[in-house]
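J.: The amino acid sequence is not available; the structure is as follows:
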């Protein structure tokens, strides 16, 4: 594809460079809590755009994301921990051979985590994507739970229910923001390509798509594998930021959180996903502080556990009942709209090519 | 393994199977009539158990008063959820499913926030704790009660479904929604009735289940709910005899797995999920090969 160096491309590149620069500054000047928020935002962006790709653009509702994130997270954890640390922390059963000696730097581990998640995604998708509707979502849910239960029940591979602790933390805010931008760019390029048109065609009407010569299975698989890769990367970063992984992190609630963000933003909008990931991160942290017991001015306030999930569940229910379009519907950010806004022109240009940035 | 031990496992398996069958029916009735996987079914189960426990512990009611009140509240809650959350989404499959998951998480965490996150003992009649010894075989009364109660309920259900007008209307709606409407069946009434049946089965199931495993918290419904759902899929979701057979086989199989391969005990949930996946991939109609209701275009 030939790149046209026009004003939009320059603006997008400038904005990306600006964001990266800002993230370097943020890393140095913000406090730990704010950096943590930004990190989580970036990670959720990667996971949500992955979900947008498979559900919003291809119309395949998959509930396998928690399991796929677990694959990425455990791969990164096991590859970056030193062999000695692994010997120490595996006290149910010693680690089996390749895991006991392997150690890789962070970035290759992350990529391997993403690729492994993609491979597992392929293995799940190959049978599951032949199904439709209810059957598809139950099968993907089942696979996700099987992955989690295997993590619990295979102590020689991943230390069982104890999880892994003390994962060396290598990821930095610029890296996460950079990867988030790269994911958005990847998904955007993909959905704007001929593959993307095929995805949308499948979403609208599978039978018509097939009649038009769209190879259903291959396109669904492509979307699912790319989505799995992104979620795996997200999971890997998650493990690295938190420093610990355990199977409980990857309960179905994680998938539900991703679905919540996607619906909040509008399942067909990457911009919406980015905004919603931010909203979710901030809400989640604010409510977390309400859940923990604390003392203000000498008065003890008991924590209210469960409030966070209750708030998100109520929010998603209200969204799905009254605002299925979410924040952005299927609209995307574009320079044209910004330009129009600044020129105070309120006429929409029909069919304008939407270029989006993160 | 000697014979008496085997018989003990067998009885245990039959009891667990009957329980799963009882809960599976709730899924299958709703799926048959509305075409919705009511993921929140396990939460209705939890609500019934939790409120029974709450009535006894907090208000000192005897269980035989607390349980009916809890069951009635559960049924009303089921009707409310159907009206508020499921009815507006009836035409939209994925949205309806997202709605059902939301209801499920909402109920769980509502109970954690309003009541308590702690697990409490379930107050059940002392009679059920007794064990009858017949030779070498120890026979817990609770297992006999479970089998009797579920047997009675199955008979009642099959009477309702095959012999009464509303049962006939239910079968008609699950065969063909439009045609049944043309014949003068009000689908909203039938769907409400299906929810009443489903939640009351969940309530009875909850009482029996929690008498056998006597602890309740806000997440009590998750595991039996999932197992019963797998049972319903095994039998062929949408079919009432299918749910009974599927739930029964799953419960019996689970106990037999533990009995014959004790080292695989911790893998039993994985086996349950694998059964679910394999059935959906290779025989989505389940054992009874139920045809999914055709979507009208």
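T.: Happy to help now that I have it. On a predicted model such as this, the values are computed, not experimentally measured, just so you know. Residues are numbered from 1 along each chain as shown, chains lettered A, B, ... in the order given.
J.: for residue A:93, what are its contacts?
T.: Each residue near residue A:93 by CB atoms under 8 Å, 6 or more residues apart in numbering or on different chains is listed here: A:155, A:156, A:160. From N, CA and C alone the C-beta is placed, and that goes for glycine too.
J.: Also residue B:89?
T.: Residue B:89 sits next to A:320, A:321, B:95, B:96, B:99 when contact means CB under 8 Å, 6+ apart.
J.: biggest separation within these, which pair?
T.: Farthest apart among those by CB to CB are A:321 and B:96. That separation is 10.5 Å.
J.: Filter the contacts of residue A:93 down to the ones in helices?
T.: A:155, A:156 (DSSP state H).
J.: out of the contacts of residue A:93, which is most surrounded?
T.: Counting neighbours by other CB atoms under 10 Å in any protein chain shown, residue A:160 leads the contacts of residue A:93 with 19 neighbours.
J.: And the pLDDT for residue A:4?
T.: Here the pLDDT value assigned to residue A:4 is 59.
J.: any idea which of the contacts of residue A:93 is closest to chain B?
T.: Set against chain B, the nearest of those by CB to the nearest CB is residue A:160 (9.4 Å).
J.: near chain B, which residues of the stretch 51-200 of chain A show up?
T.: For the stretch 51-200 of chain A, the residues in contact with chain B (CB under 8 Å from any CB of the partner chain) are A:61, A:127-128, A:130-131, A:133-135, A:137-139, A:142-143, A:145-146, A:149-150, A:152-153.
J.: about what we covered before: when residue A:321 and residue B:96 are compared, which one has more neighbours?
T.: Higher neighbour count among residue A:321 and residue B:96: residue B:96, with 22 against 15, using other CB under 10 Å.
J.: need the contact list for the more buried one.
T.: Counted by CB under 8 Å, 6+ apart, residue B:96 has contacts B:36, B:86, B:89, B:90.
J.: Would you check which pair of the residues you listed lies furthest apart?
T.: Spanning the widest gap among the contacts of residue B:96 are B:36 and B:89, at 8.4 Å by CB to CB.
J.: For chain A, what's its nearest residue on the stretch 1-150 of chain B.
T.: Across the stretch 1-150 of chain B, the shortest distance to chain A (CB to the nearest CB) belongs to residue B:112, at 3.2 Å.
J.: For the closest residue to that residue other than its chain neighbours, give me the pLDDT.
T.: Closest residue to residue B:112 apart from its sequence neighbours, by CB to CB, 6 or more residues apart in numbering or on different chains: residue A:306 at 3.2 Å. Looking at residue A:306, its pLDDT stands at 80.
J.: re the thing from before, torsion angles phi and psi at the residue of the stretch 1-150 of chain B closest to chain A?
T.: Backbone geometry at residue B:112, expressed as degrees, to the nearest 10, gives phi -60, psi -40.
J.: burial count for it?
T.: Residue B:112 has 20 neighbours, counted by other CB under 10 Å.
J.: Repeat that for residue B:71.
T.: Number of residues near residue B:71 (other CB under 10 Å) recorded here: 21.
J.: which parts of the stretch 1-150 of chain B sit against chain A?
T.: Neighbours of chain A within the stretch 1-150 of chain B, by CB under 8 Å from any CB: B:37, B:84-85, B:88-89, B:93-95, B:97-99, B:101-106, B:108-110, B:112-113, B:117.
J.: For stretch A:190-204, give me every contacting residue.
T.: The contact list for stretch A:190-204 (CB under 8 Å, 6+ apart) reads A:53, A:57-60, A:208-209, A:212, A:214, A:216, A:219-220, A:222-223, A:226.
J.: how about that stretch: buried residues?
T.: Going by neighbour count (16 or more other CB atoms under 10 Å in any protein chain shown), the buried part of stretch A:190-204 is A:190, A:191, A:195, A:196, A:198, A:199, A:200, A:201, A:202, A:203.
J.: got those as TSV, with secondary structure and pLDDT columns?
T.: Formatted as TSV, the buried residues of stretch A:190-204 follow (DSSP: H, G, I helix; E, B strand; the rest coil; pLDDT from 0 to 100):
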residue	secondary structure	pLDDT
A:190	helix	93
A:191	helix	92
A:195	helix	93
A:196	helix	92
A:198	helix	93
A:199	helix	94
A:200	helix	93
A:201	helix	92
A:202	helix	92
A:203	helix	91
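J.: Which parts of the stretch 1-150 of chain B are helices?
T.: For the stretch 1-150 of chain B, helices defined by DSSP state H, counting those that start in this stretch occupy the ranges B:3-34, B:41-59, B:63-81, B:93-114, B:141-163.
J.: for the stretch 251-358 of chain A, same thing?
T.: For the stretch 251-358 of chain A, the helices defined by DSSP H, counting those that start in this stretch occupy A:252-265, A:270-291, A:307-322, A:335-342.
J.: Buried deepest among the ones you listed, which one?
T.: Of all these, helix A:252-265 carries the top mean neighbour count, a mean of 24, counting by mean count of other CB atoms under 10 Å in any protein chain shown.
J.: about what we covered before: kindly supply the PyMOL command isolating those of the residues of the stretch 51-200 of chain A next to chain B that are buried.
T.: With 16+ other CB under 10 Å as the criterion, this PyMOL line picks the buried residues out of those:
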select buried, chain A and resi 61+128+131+133+134+135+137+138+139+142+143+145+146+149+150+152+153
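J.: So what does the closest residue to chain B within chain A look like in phi/psi?
T.: Per CB to the nearest CB, residue A:306 is where chain A lies closest to chain B, at 3.2 Å. Dihedral pair for residue A:306: phi 90, psi -10, per degrees, to the nearest 10.
J.: So, low pLDDT: which residues of chain B?
T.: Scanning chain B with the threshold set as pLDDT under 70 gives B:1, B:292-297.
J.: and the end-to-end length of stretch A:95-112?
T.: Terminal residues of stretch A:95-112 lie 19 Å apart, using CA to CA, to the nearest Å.
J.: circling back: among the helices of the stretch 251-358 of chain A, which gets the worst mean confidence?
T.: helix A:335-342 (a mean of 76).
J.: elements contacting it?
T.: When contacts are defined as 3 or more CB pairs under 8 Å, 6 or more residues apart in numbering or on different chains; DSSP states H and E, helix A:335-342 sits against helix A:7-29.
J.: After the helix it packs on, which helix or strand is next? Please name it.
T.: helix A:32-51 (DSSP states H and E).
J.: After that next one, heading C-terminal, what element do we hit next?
T.: helix A:65-80.
J.: Where does pLDDT dip in chain A?
T.: The model of chain A has pLDDT under 70 over residues A:1-4, A:294-302, A:344-358.
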